[in-house]
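S.K.: Fold the following and give me the result.
(one chain, ligands or ions: 1)
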Amino acid sequence: MKKSVIVAPGSGAVRHDMSLTVVDRVKSATRQFSKSIQTMSVSEQLQRELLDKAIEVAKNAYAPYSKYPVGACLQCADGTRFTGCNVENASYGLTNCAERTAMFKAVSEGHRDHAMIAIVTLDGGLPCAACRQVMREFNKDMIVICGYTDGRVNRVFTLEELLPHSFGPENLEALQ
Ligand SMILES: [Zn+2]
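M.R.: I've put the predicted structure just below:
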């Protein structure tokens with residue numbers, strides 16, 4: 001089995017910037033530590049399985065305008081998985097991201113218990129703000145695994161890290 005490589009975005013630049021203050025370096029080290037905790041919360045085997053499915057479905061991406069294929073694999077609490085790719089449109093605004101394709105497929109099949117999602121792109125990119133908000137609708141503690149289409153892991157996040165201080169269904173329930 002290929003071993004995953006965990007790389008924090010920009011970490012190389014941080015390590016080699018000697019102009020950083022001691023406080024900055026401590027903050028950087030703390031971020032690295034919390035990252036390793038998050039990474040450990042999803043086994044390497046499970047990350048591998050979800051990333052492999054995301055890589056496979058990224059081949060179906062319809063991305064003639066951005067040339068930025070994306071694949072996603074969502075795993076629900078009961079282990080059921082749904083994949084999705086980005087589907088662009090000549091009008092641009094109607095484009096649907098891979099993450100939302102996977103989540104909408106799951107919801108339309110009766111699965112709202114979204115536990116984690118793996119996303120692959122050419123550059124290890126993170127989900128857009130719209131997708132983060134849709135993730136938030138179904139599980140504010142969702143795990144988000146960001147990887148590359150060549151199989152490497154970029155970083156594993158909690159949704160709270162990607163969308164802090166968020167708005168969600170509870171805000172509206174409080175008014176009932
Ligand atoms: Zn998106």
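
S.K.: Other residues contacting stretch 116-125?
M.R.: Applying C-beta atoms under 8 Å, 6 or more residues apart in numbering, the external contacts of stretch 116-125 come out as 7, 9, 42, 46-47, 50-51, 53-55, 58, 68-75, 98-99, 102-103, 126-127, 135, 142-149, 152, 154-155. Quick note: C-beta positions are derived from backbone N, CA and C, even for glycine.

S.K.: Sort out for me which of those residues are in helices.
M.R.: Among the contacts of stretch 116-125, the ones falling in helices (DSSP state H) are 46-47, 50-51, 53-55, 58, 98-99, 102-103, 135.

S.K.: I'd like to know which of those are buried.
M.R.: Among the ones in helices among the contacts of stretch 116-125, the ones that count as buried by 16 or more other C-beta atoms under 10 Å are 47, 50, 51, 53, 54, 55, 58, 98, 99, 102, 103, 135.

S.K.: Now for the fifth one: which residues touch it?
M.R.: When contacts are counted by C-beta under 8 Å, 6+ apart, residue 54 is found next to 71, 72, 73, 83, 98, 118, 119, 120, 147.

S.K.: ok, so of those residues, who is nearest residue 90?
M.R.: Minimum distance to residue 90 across those is 18.7 Å, recorded for residue 98 (C-beta to C-beta).

S.K.: and that closest one, what is it in contact with?
M.R.: Counted by C-beta under 8 Å, 6+ apart, residue 98 has contacts 54, 57, 58, 61, 70, 71, 72, 84, 85, 86, 119.
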